[in-house]
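Participant: what's the 3D shape of this:
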Amino acid sequence: MTTYQIDQIDQKILSFLVKNARMPFLEIARECGVSGAAIHQRVKKMESMGIITGSTLLVKPKALGLNVCAFVGVSLAQANSYPQVVEALKEMSEVVECHFITGNHALLLKIYCFDHDHLMEILVNTIQNIPSVMKTETWVSLDQAIERQVWVKDYPNASPHGK
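Facilitator: Purely as a prediction, here's the structure:
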C-alpha cells in the first residue's frame, strides 16, 4: 500500500473535515490561507490515496430508540469459518462493527438494540445460531465517554465554522 505524507495544510484540512464534513472548501481555504482550488485538489489527492474514504452522516442511535449498545466477543469453533460467520453477521442490521481480534475471542462486535429483550433475542436466537459460533460474551455499554474519528492534529480554529 502506498503511503502519502501529509503536510501541515493537509492536516489542517483533515482536522476541519473530521469536525464538520459539510464545511465548505472556500471556508477551509480561508482558514488555511490557500485557494479553494488548492483545497479541492488536496482533498481529491487524499481521496485517491485512500486517506479520505468519503463522508458520512452520523445518526445518534438513541434518537431511533436504539437504547442499548453492547459489545459481543464471539468465539469460533473453527478459525477458518471466519469468512462465513462474517457474511452471516453482515445480514444483521444490529451489528454496526465487526473486528477480527486477538485474545480469548475471534471477533468483537458492536451492536445496537432497542432494549435488553431485543439484545437477548439477537444473542440467543441469531448470533449463537450461526454455524461455527461456539460462544459469546457480552458487555453492555453504560455510557460513551468519547466519540470521534481518527485523531488528526488539532488546530485552534479548526472547529466547525471557524469558531
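Participant: now do the buried residues in the helix-or-strand element of the chain with minimal mean pLDDT.
Facilitator: Sorting the helices and strands of the chain by mean pLDDT, DSSP states H and E puts helix 8-19 at the bottom, at a mean of 91. Neighbour-count burial for helix 8-19 flags 10, 12-19 (criterion: 16 or more other CB atoms under 10 Å). Any C-beta I mention is one placed from the backbone N, CA and C, and that applies to glycine too.
Participant: name the nearest of these relative to residue 129.
Facilitator: Closest approach to residue 129 among the buried residues of helix 8-19 (CB to CB): residue 18, at 38.6 Å.
Participant: distance of the closest residue to the closest one other than its chain neighbours from residue 133?
Facilitator: Leaving aside its sequence neighbours, residue 18 sits nearest to residue 149 (CB to CB, 6 or more residues apart in numbering; 4.6 Å). Separation of residue 149 from residue 133 (CB to CB, to the nearest Å): 31 Å.
Participant: could you do residue 96 as well?
Facilitator: Look at residue 96 and residue 133: by CB to CB, they are 18 Å apart.
Participant: please apply the same query to residue 64.
Facilitator: Residue 64 is 27 Å from residue 133, by CB to CB.
Participant: residue 29 now?
Facilitator: For residue 29, the distance to residue 133 - CB to CB - is 51 Å.
Participant: now the strands for the chain?
Facilitator: 68-76, 95-100, 107-113, 133-141 (DSSP state E).
Participant: contacting residues around the last one?
Facilitator: Around strand 133-141, the neighbours that count as contacts under CB atoms under 8 Å, 6 or more residues apart in numbering are 68-77, 85, 104-105, 119, 123, 127-128.
Participant: do stretch 32-41 as well
Facilitator: By CB under 8 Å, 6+ apart, the surrounding residues in contact with stretch 32-41 are 9, 12-13, 25-26, 28-29.
Participant: can you give me the helices for the chain?
Facilitator: 8-19, 25-32, 36-48, 82-90, 116-125 (DSSP state H).
Participant: right, so these: which one is the most enclosed?
Facilitator: Highest mean neighbour count among the helices of the chain (mean count of other CB atoms under 10 Å): helix 8-19, with a mean of 20.
Participant: which one's more surrounded, residue 96 and residue 133?
Facilitator: Counted by other CB atoms under 10 Å, residue 96 and residue 133 do not tie: residue 133 has more neighbours, with 20 against 13.
Participant: any stretches of this protein with poor pLDDT?
Facilitator: 1-4, 151-163 (pLDDT under 70).
Participant: ok, now how distant is the nearest residue to residue 105 once chain neighbours are set aside from residue 21?
Facilitator: Once flanking residues are discounted, residue 105 sits nearest to residue 73: 3.5 Å by CB to CB, 6+ apart. Residue 73 is 32 Å from residue 21, where distance means CB to CB.
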